[in-house]
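S.K.: Test case, fold it:
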Amino acid sequence: MEKVQHPIAPVFDEQSKVLILGSFPSVKSREQMFFYGHPQNRFWKVIARLAGETEPQNIEEKKQLLLNSHIAVWDVIASCEIEGSSDSSITNVVANDISGILNAADIRQIYCNGTKAYELYCRYIRPQTGKDAVKLPSTSPANAAWSVEKLVKAWEDEIAPLIPKSTNP
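M.R.: Modelled structure (predicted):
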């Protein structure tokens, strides 16, 4: 087990209406210093489809997609002990303080990307904020039972009404 600090700053601005929280960045995400860095993670495919945009190819395009879509992204955990990228191995959790995002942005709904993020949110952050979160199916490659199409549909039912849809193909 390795004690790891979250190395990535949250992405948000005052226009953000949706906050999506993961559990903790994967090894690949920590190496790239940006969210959902594993090539098999479907997060960027799902968000691009929801926004009516092409899938972003680099960190700057990913940030722009989020901000243009009024989506804030961060993780529940500030530091923990973790084995590789395994959510099931997470122990000794210190939660992130999301109040800076909530105070600066017009967040209308908090979503958790997967069961572990949702469980951690309910345990560590909800008592501080008093705000409920909605659990979405994980975009992680570990959630292989969910195709991109099935993920898009599930996420779309929740998030689409809160984000602008691009007219760009």
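
S.K.: How about the secondary structure of residue 74?
M.R.: Three-state assignment for residue 74 (DSSP: H, G, I helix; E, B strand; the rest coil): strand.

S.K.: Now that it has come up, it's in contact with residue 101, right?
M.R.: Yes: here residue 74 reaches residue 101: they are 6.8 Å apart, a contact under CB atoms under 8 Å. C-beta coordinates here come from the backbone N, C-alpha and C atoms, glycine included.

S.K.: can you list residues touching both of these two?
M.R.: Taking CB atoms under 8 Å, 6 or more residues apart in numbering as the contact criterion, the residues that touch both residue 74 and residue 101 are 10, 12, 19.

S.K.: mind listing which of these are in strands?
M.R.: Within the shared contacts of residue 74 and residue 101, residues falling in strands by DSSP state E are residue 19.

S.K.: now the shared contacts of residue 74 and residue 101 as TSV including neighbour count?
M.R.: Shown next, in TSV, are these (neighbours: other CB atoms under 10 Å):
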residue	neighbour count
10	19
12	23
19	23
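
S.K.: Looking at the shared contacts of residue 74 and residue 101, which one is closest to residue 35?
M.R.: residue 10 (9.2 Å; CB to CB).

S.K.: Contact partners for that closest one?
M.R.: For residue 10, the contacting residues are 72, 73, 74, 96, 98, 100, 101, by CB under 8 Å, 6+ apart.

S.K.: and those, which are buried?
M.R.: Among the contacts of residue 10, those classed as buried by 16 or more other CB atoms under 10 Å are 72, 73, 74, 96, 98, 101.

S.K.: beta partners of the third one?
M.R.: When bridges are taken as DSSP bridges, the partners of residue 74 come out as residue 21.

S.K.: Which pair of the contacts of residue 10 spans the longest distance?
M.R.: Longest span within the contacts of residue 10, CB to CB: 73 and 100, 13.8 Å.
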